[in-house]
Every structure is written in C-alpha cells, then in structure tokens.
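Asker: take this sequence and fold it.
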Amino acid sequence: MGVPRPRIGILGDGQLGRMLTLAALPLGLDVRIVSSGSAASTCPFLGRRPPLDGDDPQQLDALARAVDVVTVESENVRLDWLEALAARVTVLPSPAAVGVAQDRVREKEALQAHGIATAQWRQVDDAPGLHGAVRDLGFPLVLKTRRFGYDGKGQRWLRAEADVAAVPESFLARGLIAEAAVPFTRELSLVCTRSGAGDVAFWPLVENVHRGGILVRTEAPARDVAPPVEAALRAAVARMLDGWSYVGTFALELFDTPTGVVANEMAPRVHNTGHWTQAGTATCQFANHVRAVAGLPIDACAEVAPTVMLNVIGGVPDARALLAIPGVSLHLYGKEPRPGRKLGHVNVLLDRAGAQGLASAGALVDTALRLAEEPGDPPT
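Answerer: The predicted structure follows:
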C-alpha cells in the first residue's frame with residue numbers, strides 16, 4: 001500500500017501560489033488553491049473557486065475538512081483566519097511565525113533577540129512619537145507602516161523638518177515604525193527551508209537590485225561574501241526558526257554595510273529573491289516548501305549554478321528572442337500587463353548564456369519595461 005498523500009491548502013492565488021502548485025504536482029500532492037478574492041488570480045489552470053470568507057465559520061470548517069495542512073503564499077493574510085484554521089488543521093508556517101512577520105516592530109524585536117543586527121528604529125504611534133523618532137534617529141529616516149507594506153508601498157522618506165510637517169494624520173494613524181537610513185553598499189538576501197524534523201537547507205546569499213522599491217535583478221550567489229559572515233548569519237536564522245518550530249521556506253532581506261550585514265525585513269514564505277533556484281539548483285524554493293509542509297524530506301541545495309534572475313515588469317518581452325538565448329528560461333504569471341506590475345521573471349544560467357547572453361536578455365526585459373511606461377500603444 002502507498003503512503004497517503006497529504007492534501008495541501010494554499011491561501012492565496014497569486015504567482016507564488018501558482019508556482020507552489022506547479023512544484024507540488026510532480027510529487028503527486030493534492031493541492032487546493034484558496035482564492036484571495038482578487039481578479040488577478042494567476043491560477044486559472046486550476047479553475048476559479050469562490051474566494052474564502054474567513055468570517056464564515058462554515059467556510060473555515062469546510063477548508064479544514066478538505067485538506068491536511070494549510071500554508072500561505074503571503075504573510076498579508078488575516079491572522080485570525082490562520083488561528084481559526086490552526087484549531088482545526090495544521091497550519092505551516094505557524095500563525096505565530098506569520099504574525100511576527102506581519103508587524104515590523106515585532107519583526108525587529110525578534111531579529112535583535114537572535115543577534116541579527118537591524119537599523120536603528122523607533123515605534124511611532126502619534127505626532128509626539130514621530131518628533132521623538134526624528135530627535136533620536138536624525139535625518140534621513142524612513143517611515144513605514146507596521147503592517148501590509150511591500151514593494152515600497154506604505155513608506156515615506158523624511159529628509160528635513162518640512163517632510164515631518166507634511167506627514168498626514170491618516171498615515172500616522174496606521175501605526176508606523178521609523179528606521180534610520182542604512183549606508184549600505186548593496187542589498188542581499190538569504191533564503192532557506194526548514195523541515196518539520198528540524199533540518200534547515202540554505203541557499204547561498206544572493207545580491208539584489210531594486211528600482212522604486214521593486215526588485216528587478218537577483219545575482220546568485222552573491223560575490224565576495226566572507227564565509228564566516230554567511231555562516232554566522234545562517235546559524236542565527238536557524239536558531240530563530242528553531243525557536244518558532246518553523247516549517248517551510250523563509251527569506252531574510254539584508255543590507256551589506258562596511259561594518260557588517262544589517263537585516264531589513266523577513267518573509268515567512270517563498271520569496272522573489274529565491275526565484276533563481278528554479279534554474280540554479282536541483283531543488284527550488286517552491287519544491288522544498290511543499291516538501292516541508294507535506295512532511296517529506298527536503299533537499300540540502302548544495303549544488304548551485306551561477307544564475308541571474310530578471311523580473312519582468314510592466315510589459316512582456318519577446319519570448320521567441322529570449323528563449324533563443326542558451327541557458328534562459330521564462331516564467332510568466334498570466335497577468336495583464338500594466339506599468340509597475342510584476343508579470344513574470346527570467347532565469348539566466350551564466351555558464352551557458354555568458355555575459356553576452358545575459359546582456360541580451362536584460363535588454364529584452366528592459367525594452368518591454370520601457371514600452372510599458374511610455375504613453376500610447378507600443379509600436380507594431
């Protein structure tokens with residue numbers, strides 16, 4: 001007799017839920033995508049299901065009966081829904097871990113408690129708190145909403161007193177954190193997967209480039225990283241995940257500074273800066289995540305091929321021209337193009353494409369982005 005296959009429910013039907021599903025299907029896992037209610041579902045191949053109404057106990061009960069484990073594609077899911085589900089079915093990662101990542105104040109406290117450096121910060125709940133943060137941290141500093149910020153959203157830079165005066169009451173009322181500017185030389189990230197047995201598989205540190213708060217490029221592995229620095233960071237992250245009995249893929253965004261690495265944000269899920277693993281490793285972040293939540297062994301990810309990931313933003317590049325480049329793979333999410341929207345990504349294996357192939361792929365992606373941002377229809 002075969003071993004029963006765990007049934008996995010994924011909260012969220014965006015591109016991360018789509019890629020988690022695609023990673024689960026070859027393993028014979030039964031996946032149920034739970035719609036977020038957005039018109040931008042990228043999982044039409046599974047058929048549209050009505051969005052979950054988590055305020056309806058019967059719908060939560062029905063989901064819990066239909067699956068053996070629930071996971072998330074985003075931390076921006078209502079915590080009370082996860083807690084209600086956790087009373088009925090296994091939820092991985094746990095609501096407690098997701099709750100820490102939902103709140104930037106709790107996030108900073110957790111990182112610092114495990115010896116991971118962060119920017120200097122202050123909690124800001126009102127105008128006196130804002131002025132106190134300016135006094136303590138100085139200019140420039142960035143105000144961020146404590147909850148539900150991503151891709152640069154929910155942020156305001158303050159560089160002078162005039163910027164402080166211009167902060168609207170409605171923004172203050174959302175609950176904020178003020179962070180001192182970090183003089184970083186580059187942005188890095190660390191992605192790993194922890195199994196229920198406590199094994200942690202790390203991919204190498206990667207280097208990231210952002211424009212306007214949106215990731216445009218990831219280079220894996222990052223160059224010129226001192227092995228003791230990466231080892232210490234891995235050990236600290238492993239301790240933190242052990243403390244949460246965390247299960248699934250986890251990402252930590254970092255700044256590289258002249259005095260060491262400084263953590264920026266965490267994500268209790270698969271992450272854009274880990275998309276390169278679909279080409280550069282034997283087992284990608286999506287496959288390891290579904291393995292972990294399904295109780296299957298995870299891969300140690302020891303073999304890594306140098307890879308560059310390019311986000312497809314705003315407009316879709318010429319697929320025929322891209323795929324003619326050796327070592328290039330294209331992943332599109334099925335979204336309607338519009339300026340600033342992530343539509344997919346391109347993975348470039350450097351040992352096959354070379355510098356010239358990477359430059360050609362980058363030019364095609366940049367051309368699509370530029371055409372999407374220009375007024376009027378693109379040329380035919």
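Asker: got the contact list for the residue positioned nearest the centre of the chain?
Answerer: By CA atoms, centre = their mean, the chain has its centre lying nearest to residue 271, at 3.0 Å. By CB atoms under 8 Å, 6 or more residues apart in numbering, the contact set of residue 271 is 189, 191, 249, 251, 285. Using the backbone N, CA and C atoms, a C-beta is placed for each residue, glycine as well.
Asker: do I have it right that the first one meets residue 206?
Answerer: Yes: counting by CB atoms under 8 Å, a contact exists between residue 189 and residue 206, whose distance comes to 5.7 Å.
Asker: okay, and the common contacts of those two?
Answerer: With CB under 8 Å, 6+ apart as the test, residue 189 and residue 206 both reach 218, 273.
Asker: strands - which of the contacts of residue 271 land there?
Answerer: 189, 191, 249, 251 (DSSP state E).
Asker: what are the ranges of the strands in the stretch 251-380 of the chain?
Answerer: 260-267, 307-313, 328-332, 342-349 (DSSP state E, counting those that start in this stretch).
Asker: nearest to residue 198, of the contacts of residue 271?
Answerer: Nearest to residue 198 out of the contacts of residue 271 is residue 249 (CB to CB; 15.2 Å).
Asker: partners of the closest one in the sheet?
Answerer: Beta bridges link residue 249 to residue 193, judged by DSSP bridges.
Asker: check residue 266 too.
Answerer: residue 252.
Asker: ok, it to residue 250 distance?
Answerer: 7 Å (CB to CB, to the nearest Å).
Asker: residues in contact with residue 323?
Answerer: When contacts are counted by CB under 8 Å, 6+ apart, residue 323 touches residue 330.
Asker: give me whichever of the strands of the stretch 251-380 of the chain is most buried.
Answerer: strand 307-313 (a mean of 25; mean count of other CB atoms under 10 Å).
Asker: what segments of the stretch 101-250 of the chain are strands?
Answerer: For the stretch 101-250 of the chain, the strands defined by DSSP E, counting those that start in this stretch occupy 121-124, 141-145, 155-158, 176-180, 186-194, 200-202, 206-211, 214-220, 248-257.
Asker: paired strands for the third one, with orientation please.
Answerer: Sheet pairing here is set by DSSP bridges, and for strand 155-158 it gives strand 141-145 (antiparallel).
Asker: I'd like the distance from the partner strand to the chain centre, please.
Answerer: With CA atoms, centre = their mean, to the nearest Å as the basis, strand 141-145 stands 19 Å off its chain's centre.
Asker: on that earlier part again, among the strands of the stretch 251-380 of the chain, which is nearest residue 102?
Answerer: Each of those was scored for nearness to residue 102 using CB to CB, and the closest is strand 260-267 (10.4 Å).
Asker: any chance you could list what contacts the closest one?
Answerer: For strand 260-267, contacts defined as CB under 8 Å, 6+ apart pick out 75, 100-101, 104, 107, 110-111, 116-119, 182, 184, 187-188, 229, 233, 250-255.
Asker: so residue 7 makes contact with residue 30?
Answerer: Yes: using CB under 8 Å, residue 7 is in contact with residue 30, at 4.4 Å.
Asker: still on that earlier bit, and the gap between the residue nearest to the centre of the chain and residue 121?
Answerer: Residue 271 is 22 Å from residue 121, by CB to CB.
Asker: run a quick neighbour tally on the residue lying closest to residue 188 once chain neighbours are set aside.
Answerer: Leaving aside its sequence neighbours, residue 188 sits nearest to residue 254 (CB to CB, 6 or more residues apart in numbering; 4.4 Å). Residue 254 sits with 25 neighbouring residues when counted by other CB atoms under 10 Å.
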